[in-house]
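[1] kindly generate the corresponding structure for this input.
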Amino acid sequence: MSTPELGSARPDAAQVHAADVAMRRVKRYLANHAEERDIRVVVGGDPDDTLAVPRSAMELLARVLAHMAAGQAVSVVPAHAELTTQQAASLLNVSRPYLIGLLDAGEIEYRKVGKHRRVRADSLMDYKRKDDHDRREVADELTELNREMGLY
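    A predicted model of the protein is given here:
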């Protein structure tokens, strides 16, 4: 299985504005039409030229637009994709040696292809979700301790 291209570009000011406007419209539409499973999208202003887009794809689009509206670059990686250790480290925003330590400690699943490690994107995202959750719990505990001590 080949590794995906993770290239992305930071949006410029015009793209940030366009993403912000589009995100608000998409989110408003999704909120007002919660029962719809497929979203009909008019292409090029021609009512006869419409696409049926799965709701889950529109929800993902709203998240992509939110990141772009915040000026962040966005990459979409299929869950089954296998990443190099450098790509995986970049997605976690950590060094490659740190990622290797996580792999060797069994924190993230990987497989070896020859002497190279390959990390499945879904395993990497599972680790990221768990790590984010653990960090939030620790932050909440610290906040509570500060309150109890009258420091907050």
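[2] and the strand ranked longest in the chain, what does it pack onto?
    Identified as the longest strand of the chain according to DSSP state E is strand 46-54. With contacts taken as 3 or more Cβ pairs under 8 Å, 6 or more residues apart in numbering; DSSP states H and E, strand 46-54 sits against strand 38-43. (C-beta placed from N, C-alpha, C; glycine too.)
[3] what angle separates the strand it packs on from strand 46-54?
    Comparing the axes of strand 38-43 and strand 46-54 via axes from the mean of the first three to the mean of the last three Cα atoms, to 10 degrees yields an angle of 140 degrees.
[4] output the contacting helices and strands for strand 38-43.
    The helices and strands touching strand 38-43, judged by 3+ Cβ pairs under 8 Å, 6+ apart, are strand 46-54, helix 55-69.
[5] show me what counts as buried in the shortest one.
    The one in question is strand 46-54. Using 16 or more other Cβ atoms under 10 Å as the test for burial, strand 46-54 gives no buried residues.
[6] who does that strand pair up with?
    If you go by DSSP bridges, strand 46-54 pairs up with strand 38-43 (antiparallel).
[7] C-alpha coordinates for the partner strand, PDB please?
    What follows is strand 38-43, C-alpha atoms only, in PDB (Å, rounded to 0.1, in the frame of the first residue of the first chain):
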ATOM      1  CA  ASP A  38     -28.300  13.400   1.800                       C
ATOM      2  CA  ILE A  39     -27.700  17.100   1.100                       C
ATOM      3  CA  ARG A  40     -28.600  18.500  -2.400                       C
ATOM      4  CA  VAL A  41     -26.000  20.900  -3.700                       C
ATOM      5  CA  VAL A  42     -26.700  23.100  -6.700                       C
ATOM      6  CA  VAL A  43     -23.700  23.300  -9.000                       C
END
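[8] now do the buried residues in that strand.
    Across strand 38-43, burial judged by 16+ other Cβ under 10 Å covers Ile39.
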